[in-house]
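Asks: need coordinates for the below:
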Amino acid sequence: MKQIHPHALFRLSVLGPLASRDRLEQGELKRLLRELSTQSYAIPNSRKVFLSEKTIEGWYYAWKREGIEALTPKPRSDRGLSKMSDAIQDAICTAKKENPKRSLRIIRQVVGASGLPGATKLSRSSIHRLLQTHGISNLPGSDVQPVERRSFVAARAGDIWYGDVMYGPKVVFNGQLRKTYLVSFMDDASRLITHSAFCPAESALEVEGVLKQALLKRGLPIRLVTDNGSAYRAETLQAICARLEIRLIYCRPRTPEGKGKLERWHRTLRRSFLGELDMDKVRDIHDLNARLWAWLDECYHKETHSALEGLTPLERYRKDLNQIRPLGPFASRLDELFLHRHKRLVRKDGTVSYEGQRFEVPFELIGKTVLLVVDPHKQRVLGIEAENGDSLGKATPLDQLANCHRKRKATVPNGAGTTQSRTGTNLVEMALDRQTRTLCGIAIPRTEVV
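Replies: I've put the predicted structure just below:
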């Protein structure tokens with residue numbers, strides 16, 4: 001009996017609500033396609049978890065015409081063939097064999113300089129396919145040799161944490177269905193999820209918020225391993241880890257094996273949590289997170305793990321409690337360490353701006369560069385600092401109506417860019433006084449101006 005391709009079985013499982021119907025009412029197909037596109041799936045050989053309506057619809061009509069055989073992936077009809085001339089193919093193969101370390105970009109430049117017709121229009125993908133077809137894409141001595149990797153585990157809980165982001169299900173935000181992102185941190189030795197949460201965006205702000213909760217719950221890790229995404233490369237996250245004495249380590253690009261344990265947990269979450277989740281009962285992202293945290297505490301952390309010698313992640317983590325780095329001196333100022341600082345030049349009216357709002361600062365700072373201290377989660381300006389970190393006071397929201405009646409101290413230029421109060425003898429005021437006395441017929445004593 002011919003074996004059914006695993007991808008065909010997966011696609012048929014996606015079509016379950018459609019394939020089980022003998023007849024669909026008008027408009028029902030469109031409704032079901034929309035519902036299926038909002039669900040998450042463990043897609044074979046892919047990190048994606050969502051399918052488009054168009055993709056599911058194509059599978060459905062193919063299945064209707066030819067059955068499950070139509071759901072089997074078809075190889076390209078032109079696989080192994082190339083539209084490049086024989087001369088160009090020979091030049092590409094020769095360039096690679098002459099120097100196995102040559103990258104696709106260098107090979108394209110070398111062949112392009114040969115003067116052969118069409119050599120300047122080569123794409124990297126066409127060169128790569130040709131080298132693969134001839135079995136020379138990874139010659140001995142090239143830079144793309146297999147990397148030696150060895151399975152390992154940290155000696156103690158808290159030695160290594162992993163951080164990563166995964167696509168989550170869509171939930172309602174302000175009346176619209178929007179994608180969520182699951183930000184997670186895992187302890188290597190125990191497989192314990194130190195904290196995880198669905199967030200509305202995949203940014204440094206969300207990563208920092210989840211990390212802060214993980215630190216409050218589970219102490220300080222020695223090393224934090226993440227990928228190279230912009231959210232983890234943010235200066236704010238790097239500064240936080242530096243102040244907390246956490247070694248921030250980035251995996252090599254395109255090598256998810258560096259976080260294999262967390263990738264494995266993502267598969268478990270898709271199967272055991274997302275696979276059992278009833279989205280009809282999830283009203284918003286807060287509902288979604290409440291269910292995630294309940295599942296973590298009551299299911300995942302209390303299930304025995306084969307790699308932990310029969311222990312649960314929570315039991316394994318508790319074995320090293322006395323060796324985990326506590327927050328210690330950082331506990332009282334953890335909130336302060338997670339604040340953001342933004343450079344601003346104080347305007348001539350003594351104001352600075354942040355997110356479209358203007359703030360007043362001490363007038364002595366006019367023309368100087370200051371740092372706005374901001375609580376990024378509440379989007380609230382807390383104060384201002386000098387570039388060396390010294391506090392310079394508060395930043396008060398600008399109230400133009402109040403300023404209309406506020407009495408200010410009169411000042412005059414002092415020649416060197418500073419100001420001085422108008423006190424003592426003033427020639428202008430003396431002239432006005434003399435004129436007033438003259439007009440009123442008041443005798444003015446004769447004075448001499450020296």
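
Asks: any idea how far residue 331 is from residue 93?
Replies: Separation of residue 331 from residue 93 (Cβ to Cβ, to the nearest Å): 63 Å. For the C-beta atoms, the positions are set from N, CA and C on the backbone; glycine is no exception.

Asks: show me the domain layout of the protein.
Replies: Using automatic domain parsing, the domains assigned to the chain come out as 6-71, 86-133, 160-323, 339-403.

Asks: residue 430: which of those domains is closest?
Replies: Comparison of these against residue 430 by Cβ to Cβ identifies domain 339-403 as nearest, at 29.7 Å.

Asks: how far is the closest one from where the chain is centred?
Replies: Relative to the mean C-alpha coordinate of its chain, domain 339-403 is positioned 27 Å out (Cα atoms, centre = their mean, to the nearest Å).

Asks: before we move on, what about stretch 53-64?
Replies: In terms of Cα atoms, centre = their mean, the centre of stretch 53-64 is found 33 Å from the chain centre.

Asks: that stretch - what's its average pLDDT?
Replies: Stretch 53-64 shows a mean pLDDT of 90.

Asks: closest to residue 426 out of the domains of the chain?
Replies: Nearest to residue 426 among the domains of the chain is domain 339-403; the distance by Cβ to Cβ comes to 23.2 Å.

Asks: pairing partners for the strand ranked longest in the chain, with directions?
Replies: Assignment by DSSP state E gives strand 160-173 as the longest strand of the chain. Strand 160-173 pairs in its sheet with strand 176-187 (antiparallel), strand 223-226 (parallel), by DSSP bridges.

Asks: residue 392 is nearest to which of the ones you listed?
Replies: The closest of the strands paired with strand 160-173 to residue 392 is strand 223-226. By Cβ to Cβ, the value is 32.5 Å.

Asks: centre of the chain to the helix or strand that that closest one is followed by, how far?
Replies: Going down the chain from strand 223-226, the next helix or strand is helix 230-233, by DSSP states H and E. Mean C-alpha position of helix 230-233 versus that of the full chain (Cα atoms, centre = their mean) differs by 6 Å.

Asks: could I get the strands paired with strand 160-173 as a markdown table with mean pLDDT and distance to residue 233?
Replies: As requested, those are exported to a markdown table (pLDDT from 0 to 100; distance: least, Cβ to Cβ, whole Å):
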| stretch | mean pLDDT | distance to residue 233 |
| --- | --- | --- |
| strand 176-187 | 93 | 15 |
| strand 223-226 | 91 | 9 |
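
Asks: for the ones you listed, give me TSV that also has distance to residue 20 and mean neighbour count.
Replies: Listed next are those as TSV, based on distance: least, Cβ to Cβ, whole Å; neighbours: other Cβ atoms under 10 Å:
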stretch	distance to residue 20	mean neighbour count
strand 176-187	25	20
strand 223-226	43	21
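
Asks: quick one: which of those strands is nearest residue 301?
Replies: Short answer: strand 176-187, nearest of the strands paired with strand 160-173 by Cβ to Cβ, at 11.0 Å.

Asks: and that closest one, how far out from the chain middle?
Replies: 10 Å.

Asks: which helices and strands sit right next to whichever helix or strand comes after it?
Replies: Counting by DSSP H and E, the next helix or strand C-terminal to strand 176-187 is strand 193-199. In this structure, strand 193-199 packs against strand 160-173, strand 176-187, helix 204-218, helix 285-298, with contacts taken as 3 or more Cβ pairs under 8 Å, 6 or more residues apart in numbering; DSSP states H and E.

Asks: show me the strands in the stretch 301-450 of the chain, by range?
Replies: Assigned by DSSP state E, counting those that start in this stretch, the stretch 301-450 of the chain shows strands spanning 340-345, 351-354, 357-360, 369-375, 380-385, 391-393, 396-397, 412-413, 419-420.

Asks: could I get those in a markdown table, plus columns for distance to residue 100, mean neighbour count and mean pLDDT?
Replies: Shown next, in a markdown table, are these (distance: least, Cβ to Cβ, whole Å; neighbours: other Cβ atoms under 10 Å; pLDDT from 0 to 100):
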| stretch | distance to residue 100 | mean neighbour count | mean pLDDT |
| --- | --- | --- | --- |
| strand 340-345 | 47 | 15 | 86 |
| strand 351-354 | 54 | 17 | 85 |
| strand 357-360 | 59 | 16 | 84 |
| strand 369-375 | 51 | 18 | 87 |
| strand 380-385 | 54 | 17 | 84 |
| strand 391-393 | 59 | 14 | 81 |
| strand 396-397 | 64 | 11 | 82 |
| strand 412-413 | 73 | 10 | 48 |
| strand 419-420 | 72 | 12 | 48 |
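
Asks: since that was my last question, I'll sign off now.
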